[in-house]
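Participant: coordinates only, no sequence provided:
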Ligand code: FES
């Protein structure tokens, strides 16, 4: 029985190797340019929401807002106080949802759970949901990344 197989000629192999080298070189030149044109994500220092939108929020309910490219969650507790979180799981950044009937936050990616205060209580999340700081100013609710000093 005779086997048929094709073998790369030396010339073809060297040509292929040279092409790969050229592609690698071009990629190493283009990547820094690409990174300079599209800078990395930076989250906002502050987001302002009209107070009129917030006052309508009933107890034990949430409102989503944009926190840069991530969702933010504003929640009114049963006692009327407002709290705000970055609405992504601390495990691998999936979006979380609030289950009002269970008073818990849920991450569907890997079955992660947080209590109503954002504390991680079950599943893989290693840390609580990230809290944001709230301030009232004139007719706006300011949601800040860091505490005002
Ligand atoms: S990303 Fe939320 S549990 Fe894994």
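Facilitator: Sure thing, it's come through. Computed from a predicted model, the values in this text were never measured in an experiment.
Participant: could you list the residues of the protein in contact with the ligand?
Facilitator: Listed as neighbours of the ligand in the chain under the rule Cβ under 6 Å from any ligand atom: 89, 91-92, 94, 107, 109-110, 112, 123-125. Where you see a C-beta, it was placed from the backbone N, CA and C, and this is true even at glycine.
Participant: which among the residues you listed count as buried?
Facilitator: Neighbour-count burial (16 or more other Cβ atoms under 10 Å) applied to these gives 89, 91, 107, 109, 112, 125.
Participant: next one: the last one from residue 72, what distance?
Facilitator: Counting by Cβ to Cβ, to the nearest Å, the gap from residue 125 to residue 72 is 18 Å.
Participant: again, but for the fourth one
Facilitator: From residue 109 over to residue 72 the distance is 19 Å, taken as Cβ to Cβ.
Participant: go ahead and confirm residue 96 touches residue 73.
Facilitator: Yes. If you go by Cβ atoms under 8 Å, residue 96 and residue 73 touch, sitting 7.5 Å apart.
Participant: anything in contact with each of those two?
Facilitator: 87, 105, 129 (Cβ atoms under 8 Å, 6 or more residues apart in numbering).
Participant: quick check: which element contains the residue lying closest to the first one once chain neighbours are set aside?
Facilitator: In space, residue 87 comes closest to residue 71 once its chain neighbours are excluded; the distance is 3.8 Å by Cβ to Cβ, 6 or more residues apart in numbering. Assigned by DSSP states H and E, residue 71 belongs to strand 70-76.
Participant: packing partners for that strand?
Facilitator: strand 61-67, strand 82-86, strand 140-144 (3 or more Cβ pairs under 8 Å, 6 or more residues apart in numbering; DSSP states H and E).
Participant: pull out the buried positions in the lowest-mean-pLDDT helix or strand in the chain.
Facilitator: Sorting the helices and strands of the chain by mean pLDDT, DSSP states H and E puts helix 10-37 at the bottom, at a mean of 84. Buried positions in helix 10-37, judged by neighbour count with 16+ other Cβ under 10 Å: none.
Participant: avg pLDDT for whichever helix or strand comes after it?
Facilitator: Moving toward the C-terminus from helix 10-37, the next helix or strand (DSSP H and E) is strand 46-50. Averaging pLDDT along strand 46-50 yields 95.
Participant: who's in contact with strand 46-50?
Facilitator: Counting by Cβ under 8 Å, 6+ apart, 65-67, 72, 74, 139-145 sit against strand 46-50.
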